[in-house]
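S.K.: pasting the sequence and the predicted model now:
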Amino acid sequence: MRKVTMRDGTEVPQLGMGTWMMGEGRRDPKLEAEALAAGIDLGLTLIDTAEMYGEGRAEELIGRVIKGRREQVYLVSKVYPHHASTRGVPEACARSLKRLGVERIDLYLLHWRGGIPLAETVAAFEKLVDEGKIGAWGVSNFDADDMVELGRVPMGFNCATNQVLYNPLSRGIEFDLIPASRHNGTIMAYSPFGHSGGPLRSRALAEVAKWRGVTPAQVALAWAMRHPQVIVIPKASSVAHVRENAAALNLELSPADLAAIDAAHPPPKRKVPLAML
Ligand code: NAP
(Lines give C-alpha, C1' and ligand atoms only; values in the text may rest on other atoms or scores of the structure.)
Protein backbone atom coordinates (compact mmCIF):
# COMPACT_ATOMS: atom_id res chain seq x y z
CA MET A 1 0.00 0.00 0.00
CA ARG A 2 1.34 3.43 -0.90
CA LYS A 3 1.52 5.63 2.20
CA VAL A 4 1.64 9.34 2.90
CA THR A 5 3.28 10.59 6.10
CA MET A 6 1.29 13.25 7.90
CA ARG A 7 2.93 16.15 9.74
CA ASP A 8 2.75 14.29 13.09
CA GLY A 9 4.44 11.22 11.60
CA THR A 10 1.25 9.18 11.18
CA GLU A 11 1.28 7.11 8.01
CA VAL A 12 -1.98 6.97 6.08
CA PRO A 13 -2.83 5.18 2.83
CA GLN A 14 -2.49 7.36 -0.25
CA LEU A 15 -5.81 6.02 -1.54
CA GLY A 16 -8.82 6.30 0.74
CA MET A 17 -12.60 6.42 0.35
CA GLY A 18 -15.08 9.30 0.26
CA THR A 19 -18.64 9.04 1.54
CA TRP A 20 -20.51 12.08 0.23
CA MET A 21 -24.07 10.98 -0.71
CA MET A 22 -23.74 7.65 1.06
CA GLY A 23 -26.03 6.55 3.88
CA GLU A 24 -28.80 8.77 2.52
CA GLY A 25 -31.08 6.08 1.11
CA ARG A 26 -30.07 6.75 -2.52
CA ARG A 27 -28.65 3.21 -2.68
CA ASP A 28 -29.20 -0.02 -0.78
CA PRO A 29 -27.48 0.67 2.59
CA LYS A 30 -26.34 -2.96 2.76
CA LEU A 31 -24.47 -2.60 -0.53
CA GLU A 32 -22.92 0.70 0.59
CA ALA A 33 -21.76 -0.91 3.82
CA GLU A 34 -20.32 -3.85 1.88
CA ALA A 35 -18.45 -1.46 -0.40
CA LEU A 36 -16.84 0.38 2.53
CA ALA A 37 -16.00 -2.88 4.30
CA ALA A 38 -14.41 -4.26 1.12
CA GLY A 39 -12.36 -1.09 0.82
CA ILE A 40 -11.04 -1.50 4.36
CA ASP A 41 -10.15 -5.11 3.56
CA LEU A 42 -8.22 -3.90 0.51
CA GLY A 43 -6.28 -1.34 2.55
CA LEU A 44 -8.30 1.79 1.67
CA THR A 45 -8.47 2.48 5.37
CA LEU A 46 -8.65 6.28 5.24
CA ILE A 47 -12.36 7.17 5.26
CA ASP A 48 -13.50 10.72 4.59
CA THR A 49 -16.82 12.04 5.81
CA ALA A 50 -18.47 15.19 7.23
CA GLU A 51 -21.28 16.20 9.53
CA MET A 52 -22.83 17.68 6.36
CA TYR A 53 -23.07 14.38 4.48
CA GLY A 54 -26.69 13.34 4.80
CA GLU A 55 -26.76 15.51 7.95
CA GLY A 56 -24.86 12.82 9.83
CA ARG A 57 -26.18 9.75 8.04
CA ALA A 58 -22.85 9.09 6.27
CA GLU A 59 -21.12 9.12 9.67
CA GLU A 60 -23.73 6.69 11.01
CA LEU A 61 -23.15 4.34 8.07
CA ILE A 62 -19.39 4.41 8.74
CA GLY A 63 -20.06 3.81 12.43
CA ARG A 64 -21.91 0.60 11.55
CA VAL A 65 -19.17 -0.53 9.14
CA ILE A 66 -16.21 0.03 11.47
CA LYS A 67 -17.83 -1.51 14.55
CA GLY A 68 -15.26 -3.95 15.91
CA ARG A 69 -12.53 -2.73 13.57
CA ARG A 70 -12.03 0.88 14.65
CA GLU A 71 -8.27 0.46 14.99
CA GLN A 72 -7.97 -0.46 11.29
CA VAL A 73 -9.20 2.89 9.98
CA TYR A 74 -8.07 6.50 9.84
CA LEU A 75 -11.22 8.61 10.16
CA VAL A 76 -11.53 12.07 8.64
CA SER A 77 -14.58 14.23 9.35
CA LYS A 78 -15.46 17.87 8.87
CA VAL A 79 -17.19 20.61 10.77
CA TYR A 80 -19.55 23.07 9.10
CA PRO A 81 -18.15 26.63 8.98
CA HIS A 82 -21.13 27.90 10.98
CA HIS A 83 -20.21 25.46 13.77
CA ALA A 84 -16.52 26.46 13.75
CA SER A 85 -16.62 28.58 16.92
CA THR A 86 -15.23 28.07 20.44
CA ARG A 87 -18.51 26.49 21.50
CA GLY A 88 -19.63 25.04 18.19
CA VAL A 89 -16.53 22.97 17.39
CA PRO A 90 -16.60 20.74 20.50
CA GLU A 91 -20.38 20.34 20.22
CA ALA A 92 -20.21 19.34 16.55
CA CYS A 93 -17.28 17.03 17.25
CA ALA A 94 -19.18 15.32 20.08
CA ARG A 95 -22.12 14.67 17.73
CA SER A 96 -19.79 13.26 15.05
CA LEU A 97 -18.02 11.02 17.59
CA LYS A 98 -21.37 9.67 18.71
CA ARG A 99 -22.60 8.96 15.19
CA LEU A 100 -19.29 7.30 14.28
CA GLY A 101 -19.33 5.34 17.54
CA VAL A 102 -15.70 6.21 18.31
CA GLU A 103 -13.79 8.12 20.95
CA ARG A 104 -11.49 9.92 18.56
CA ILE A 105 -11.62 11.33 15.03
CA ASP A 106 -8.15 11.03 13.50
CA LEU A 107 -8.35 14.17 11.40
CA TYR A 108 -10.95 16.91 11.76
CA LEU A 109 -11.32 19.53 9.03
CA LEU A 110 -12.98 22.92 8.67
CA HIS A 111 -15.21 22.13 5.65
CA TRP A 112 -14.79 25.55 4.03
CA ARG A 113 -14.10 29.09 5.19
CA GLY A 114 -16.96 30.89 6.85
CA GLY A 115 -17.41 33.98 8.99
CA ILE A 116 -15.81 32.76 12.23
CA PRO A 117 -12.22 34.01 12.70
CA LEU A 118 -9.64 31.36 11.84
CA ALA A 119 -7.83 31.96 15.15
CA GLU A 120 -10.98 30.95 17.06
CA THR A 121 -11.47 27.75 15.03
CA VAL A 122 -7.80 26.77 15.31
CA ALA A 123 -7.83 27.31 19.09
CA ALA A 124 -10.93 25.10 19.35
CA PHE A 125 -9.28 22.39 17.20
CA GLU A 126 -6.10 22.54 19.32
CA LYS A 127 -8.18 22.06 22.48
CA LEU A 128 -9.77 18.94 20.97
CA VAL A 129 -6.27 17.61 20.17
CA ASP A 130 -5.21 18.23 23.78
CA GLU A 131 -8.30 16.40 25.01
CA GLY A 132 -7.62 13.45 22.69
CA LYS A 133 -10.94 13.83 20.86
CA ILE A 134 -9.18 14.41 17.55
CA GLY A 135 -5.74 13.31 16.43
CA ALA A 136 -5.02 16.27 14.17
CA TRP A 137 -6.85 19.02 12.32
CA GLY A 138 -6.86 20.57 8.89
CA VAL A 139 -8.90 22.60 6.43
CA SER A 140 -10.78 22.14 3.20
CA ASN A 141 -11.41 24.38 0.18
CA PHE A 142 -8.67 26.82 1.27
CA ASP A 143 -6.99 28.73 -1.56
CA ALA A 144 -3.32 29.78 -1.40
CA ASP A 145 -4.11 33.15 0.22
CA ASP A 146 -6.28 31.42 2.87
CA MET A 147 -3.35 29.11 3.65
CA VAL A 148 -1.03 32.11 4.08
CA GLU A 149 -3.55 33.68 6.47
CA LEU A 150 -3.87 30.40 8.36
CA GLY A 151 -0.09 30.23 8.73
CA ARG A 152 -0.17 33.57 10.55
CA VAL A 153 -2.72 32.40 13.15
CA PRO A 154 -1.33 31.01 16.45
CA MET A 155 -0.75 27.24 15.96
CA GLY A 156 -1.96 27.61 12.35
CA PHE A 157 1.18 25.77 11.21
CA ASN A 158 -0.25 22.61 12.79
CA CYS A 159 -2.68 22.28 9.86
CA ALA A 160 -2.24 18.69 8.64
CA THR A 161 -3.95 18.88 5.27
CA ASN A 162 -5.97 20.98 2.87
CA GLN A 163 -8.72 18.96 1.18
CA VAL A 164 -9.43 20.38 -2.27
CA LEU A 165 -10.92 19.51 -5.66
CA TYR A 166 -8.37 17.85 -7.93
CA ASN A 167 -8.76 15.88 -11.15
CA PRO A 168 -7.51 16.21 -14.75
CA LEU A 169 -10.24 18.75 -15.53
CA SER A 170 -9.47 20.87 -12.41
CA ARG A 171 -5.71 21.29 -12.19
CA GLY A 172 -5.40 24.82 -10.76
CA ILE A 173 -3.83 23.64 -7.49
CA GLU A 174 -0.74 22.42 -9.38
CA PHE A 175 0.31 26.07 -9.71
CA ASP A 176 0.50 26.89 -5.99
CA LEU A 177 -1.16 24.61 -3.43
CA ILE A 178 0.59 21.39 -4.46
CA PRO A 179 4.10 22.94 -4.60
CA ALA A 180 3.50 24.63 -1.20
CA SER A 181 2.30 21.39 0.37
CA ARG A 182 5.71 19.82 -0.25
CA HIS A 183 6.93 21.99 2.65
CA ASN A 184 3.89 22.40 4.86
CA GLY A 185 1.67 19.34 4.79
CA THR A 186 -0.43 17.15 2.58
CA ILE A 187 -3.17 17.73 0.04
CA MET A 188 -6.27 15.56 0.07
CA ALA A 189 -7.72 15.40 -3.43
CA TYR A 190 -11.50 15.21 -3.51
CA SER A 191 -13.75 14.33 -6.47
CA PRO A 192 -11.00 12.57 -8.45
CA PHE A 193 -13.74 11.60 -10.94
CA GLY A 194 -15.21 15.10 -10.94
CA HIS A 195 -18.14 13.96 -8.76
CA SER A 196 -20.30 13.17 -11.81
CA GLY A 197 -17.64 11.46 -13.88
CA GLY A 198 -16.50 14.29 -16.21
CA PRO A 199 -12.82 13.18 -16.27
CA LEU A 200 -13.90 9.59 -16.96
CA ARG A 201 -15.40 10.77 -20.26
CA SER A 202 -12.12 12.39 -21.38
CA ARG A 203 -10.86 10.95 -24.67
CA ALA A 204 -7.26 11.32 -23.46
CA LEU A 205 -7.90 9.29 -20.32
CA ALA A 206 -9.77 6.69 -22.38
CA GLU A 207 -6.81 6.36 -24.76
CA VAL A 208 -4.28 6.01 -21.94
CA ALA A 209 -6.57 3.48 -20.29
CA LYS A 210 -6.83 1.50 -23.52
CA TRP A 211 -3.10 1.25 -24.20
CA ARG A 212 -2.35 0.46 -20.54
CA GLY A 213 -5.13 -2.14 -20.33
CA VAL A 214 -6.85 -0.43 -17.39
CA THR A 215 -9.97 1.72 -16.93
CA PRO A 216 -10.28 5.53 -17.15
CA ALA A 217 -11.11 5.59 -13.41
CA GLN A 218 -7.82 3.86 -12.64
CA VAL A 219 -5.96 6.34 -14.85
CA ALA A 220 -7.61 9.27 -13.02
CA LEU A 221 -6.58 7.85 -9.63
CA ALA A 222 -3.00 7.01 -10.66
CA TRP A 223 -2.72 10.47 -12.22
CA ALA A 224 -3.65 12.19 -8.92
CA MET A 225 -1.44 9.82 -6.89
CA ARG A 226 1.65 10.69 -8.97
CA HIS A 227 2.27 13.41 -6.36
CA PRO A 228 3.66 11.62 -3.31
CA GLN A 229 2.03 14.00 -0.80
CA VAL A 230 -1.46 13.90 -2.37
CA ILE A 231 -4.03 11.61 -0.73
CA VAL A 232 -6.94 10.66 -3.02
CA ILE A 233 -10.45 9.88 -1.78
CA PRO A 234 -12.78 8.51 -4.49
CA LYS A 235 -16.31 7.66 -3.46
CA ALA A 236 -17.65 4.30 -4.60
CA SER A 237 -20.85 2.64 -3.48
CA SER A 238 -20.30 -0.81 -4.93
CA VAL A 239 -17.75 -3.51 -4.19
CA ALA A 240 -16.94 -3.67 -7.91
CA HIS A 241 -16.02 0.03 -8.05
CA VAL A 242 -14.02 -0.22 -4.82
CA ARG A 243 -12.02 -3.16 -6.21
CA GLU A 244 -11.41 -1.34 -9.47
CA ASN A 245 -10.23 1.75 -7.60
CA ALA A 246 -7.96 -0.20 -5.25
CA ALA A 247 -6.27 -1.81 -8.26
CA ALA A 248 -5.15 1.67 -9.37
CA LEU A 249 -2.50 1.39 -6.65
CA ASN A 250 -0.63 -0.94 -9.02
CA LEU A 251 -0.67 1.53 -11.89
CA GLU A 252 2.28 3.86 -12.46
CA LEU A 253 1.69 6.25 -15.36
CA SER A 254 4.60 6.70 -17.77
CA PRO A 255 5.92 10.06 -19.04
CA ALA A 256 4.12 9.31 -22.33
CA ASP A 257 0.82 8.69 -20.50
CA LEU A 258 1.21 11.95 -18.58
CA ALA A 259 2.11 13.87 -21.72
CA ALA A 260 -1.03 12.61 -23.46
CA ILE A 261 -3.15 13.82 -20.53
CA ASP A 262 -1.29 17.17 -20.43
CA ALA A 263 -1.94 17.68 -24.15
CA ALA A 264 -5.69 17.34 -23.64
CA HIS A 265 -5.91 18.91 -20.19
CA PRO A 266 -2.96 21.32 -19.82
CA PRO A 267 -1.52 22.16 -16.41
CA PRO A 268 -2.05 25.77 -15.21
CA LYS A 269 0.50 28.37 -16.37
CA ARG A 270 -0.69 31.01 -13.92
CA LYS A 271 -2.77 31.38 -10.75
CA VAL A 272 -6.32 30.07 -11.11
CA PRO A 273 -8.84 30.75 -8.30
CA LEU A 274 -9.50 27.55 -6.37
CA ALA A 275 -12.35 25.55 -7.88
CA MET A 276 -14.71 23.81 -5.47
CA LEU A 277 -17.88 21.76 -5.51
P1 NAP B 1 -15.92 11.25 -7.08
O2 NAP B 1 -15.22 10.36 -6.14
O3 NAP B 1 -15.14 12.10 -8.02
O4 NAP B 1 -16.95 10.43 -7.95
C5 NAP B 1 -17.94 9.60 -7.38
C6 NAP B 1 -18.70 8.97 -8.53
O7 NAP B 1 -17.80 8.11 -9.25
C8 NAP B 1 -19.84 8.11 -8.05
O9 NAP B 1 -20.91 8.29 -8.94
C10 NAP B 1 -19.29 6.69 -8.16
O11 NAP B 1 -20.31 5.76 -8.46
C12 NAP B 1 -18.38 6.81 -9.35
N13 NAP B 1 -17.31 5.82 -9.32
C14 NAP B 1 -16.59 5.37 -8.27
N15 NAP B 1 -15.69 4.46 -8.66
C16 NAP B 1 -15.84 4.34 -10.02
C17 NAP B 1 -15.20 3.56 -11.01
N18 NAP B 1 -14.20 2.74 -10.70
N19 NAP B 1 -15.62 3.68 -12.30
C20 NAP B 1 -16.62 4.51 -12.63
N21 NAP B 1 -17.25 5.29 -11.73
C22 NAP B 1 -16.86 5.21 -10.44
O23 NAP B 1 -16.92 12.23 -6.32
P24 NAP B 1 -17.13 12.82 -4.88
O25 NAP B 1 -17.95 11.91 -4.09
O26 NAP B 1 -17.60 14.22 -5.10
O27 NAP B 1 -15.67 12.97 -4.24
C28 NAP B 1 -15.06 11.98 -3.45
C29 NAP B 1 -15.11 12.31 -1.97
O30 NAP B 1 -14.43 13.52 -1.69
C31 NAP B 1 -16.53 12.59 -1.45
O32 NAP B 1 -17.29 11.43 -1.32
C33 NAP B 1 -16.21 13.30 -0.16
O34 NAP B 1 -15.83 12.39 0.84
C35 NAP B 1 -15.06 14.19 -0.60
N36 NAP B 1 -15.49 15.54 -1.03
C37 NAP B 1 -15.15 16.61 -0.26
C38 NAP B 1 -15.56 17.88 -0.63
C39 NAP B 1 -15.20 19.06 0.24
O40 NAP B 1 -15.75 20.14 0.05
N41 NAP B 1 -14.27 18.90 1.15
C42 NAP B 1 -16.30 18.10 -1.81
C43 NAP B 1 -16.60 16.99 -2.60
C44 NAP B 1 -16.18 15.73 -2.21
P45 NAP B 1 -20.86 4.73 -7.37
O46 NAP B 1 -21.24 5.54 -6.18
O47 NAP B 1 -22.00 4.10 -8.10
O48 NAP B 1 -19.77 3.74 -7.08
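M.R.: Yep, that arrived. Residues are numbered from 1 along each chain as shown.

S.K.: contact residues of the stretch 51-200 of the chain facing the ligand?
M.R.: With C-beta under 6 Å from any ligand atom as the criterion, the stretch 51-200 of the chain meets the ligand at residues His111, Ser140, Asn141, Gln163, Tyr190, Ser191, Pro192, Phe193, Gly194, His195, Gly197, Leu200. Just so you know, the C-beta spots here come from the backbone N, C-alpha and C atoms, and that holds for glycine as well.

S.K.: run the chain-centre distance for stretch 231-249.
M.R.: Centroid displacement of stretch 231-249 relative to its chain, using C-alpha atoms, centre = their mean, to the nearest Å, is 13 Å.

S.K.: can you give me the buried ones in it?
M.R.: Neighbour counts using 16 or more other C-beta atoms under 10 Å place 231-237, 239, 241-242, 244-249 of stretch 231-249 among the buried residues.

S.K.: wait, a helix at Val164?
M.R.: No: looking at Val164 with DSSP: H, G, I helix; E, B strand; the rest coil, it is strand, so not inside a helix.

S.K.: residue contacts, it?
M.R.: By C-beta atoms under 8 Å, 6 or more residues apart in numbering, the contact set of Val164 is Ser140, Asn141, Phe142, Ile173, Leu177, Ile187, Met188, Ala189, Tyr190, Leu274, Met276.

S.K.: can you rerun that using 10 Å?
M.R.: Neighbour list for Val164: 139-143, 170, 172-173, 177-178, 181, 187-191, 230, 274-276 [criterion: C-beta atoms under 10 Å, 6 or more residues apart in numbering].

S.K.: residue boundaries of the strands in the stretch 51-200 of the chain?
M.R.: 74-79, 105-110, 134-140, 161-165, 186-190 (DSSP state E, counting those that start in this stretch).

S.K.: okay, those strands in CSV with mean pLDDT next?
M.R.: Output for these, formatted as CSV (pLDDT from 0 to 100):
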stretch, mean pLDDT
strand 74-79, 99
strand 105-110, 98
strand 134-140, 98
strand 161-165, 98
strand 186-190, 98
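
S.K.: adding distance to Glu207, write those out as JSON lines.
M.R.: Formatted as JSON lines, the strands of the stretch 51-200 of the chain follow (distance: least, C-beta to C-beta, whole Å):
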{"stretch": "strand 74-79", "distance to Glu207": "34"}
{"stretch": "strand 105-110", "distance to Glu207": "36"}
{"stretch": "strand 134-140", "distance to Glu207": "33"}
{"stretch": "strand 161-165", "distance to Glu207": "24"}
{"stretch": "strand 186-190", "distance to Glu207": "22"}
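
S.K.: tell me which of those lies nearest to Thr19.
M.R.: Between Thr19 and the strands of the stretch 51-200 of the chain, the shortest separation by C-beta to C-beta is 9.6 Å, and it involves strand 74-79.

S.K.: run through the neighbouring helices and strands of the closest one.
M.R.: strand 11-13, strand 46-48, helix 57-66, helix 88-100, strand 105-110, helix 118-131, strand 134-140, strand 161-165 (3 or more C-beta pairs under 10 Å, 6 or more residues apart in numbering; DSSP states H and E).

S.K.: Leu36: which of the ones you listed is closest?
M.R.: Evaluated with C-beta to C-beta, those place helix 57-66 nearest to Leu36, the distance being 4.5 Å.

S.K.: grab the nearest non-local neighbour of Ala38.
M.R.: Among residues not flanking Ala38 along the chain, Val239 sits closest, at 4.6 Å (C-beta to C-beta, 6 or more residues apart in numbering).

S.K.: my guess is the one you found contacts Lys30. True?
M.R.: No: counting by C-beta atoms under 10 Å, Val239 stays clear of Lys30, with 11.2 Å between them.

S.K.: now do Val208 against the ligand, distance only.
M.R.: 15 Å (C-beta to the nearest ligand atom, to the nearest Å).

S.K.: on the three-state scheme, that residue is what?
M.R.: Secondary structure, three-state DSSP: Val208 is helix.

S.K.: quick one: contacts for the residue in the chain that the ligand sits nearest to?
M.R.: For the chain, the residue closest to the ligand is Gly18, as judged by C-beta to the nearest ligand atom, at 2.3 Å. Contacts for Gly18 (C-beta under 10 Å, 6+ apart) come out as 46-50, 53, 58, 76, 163, 188, 190-193, 195, 232-236.

S.K.: any idea how far the residue nearest to Ala38 is from Ala33?
M.R.: Remark: distance between Val239 and Ala33 (C-beta to C-beta, to the nearest Å) = 10 Å.
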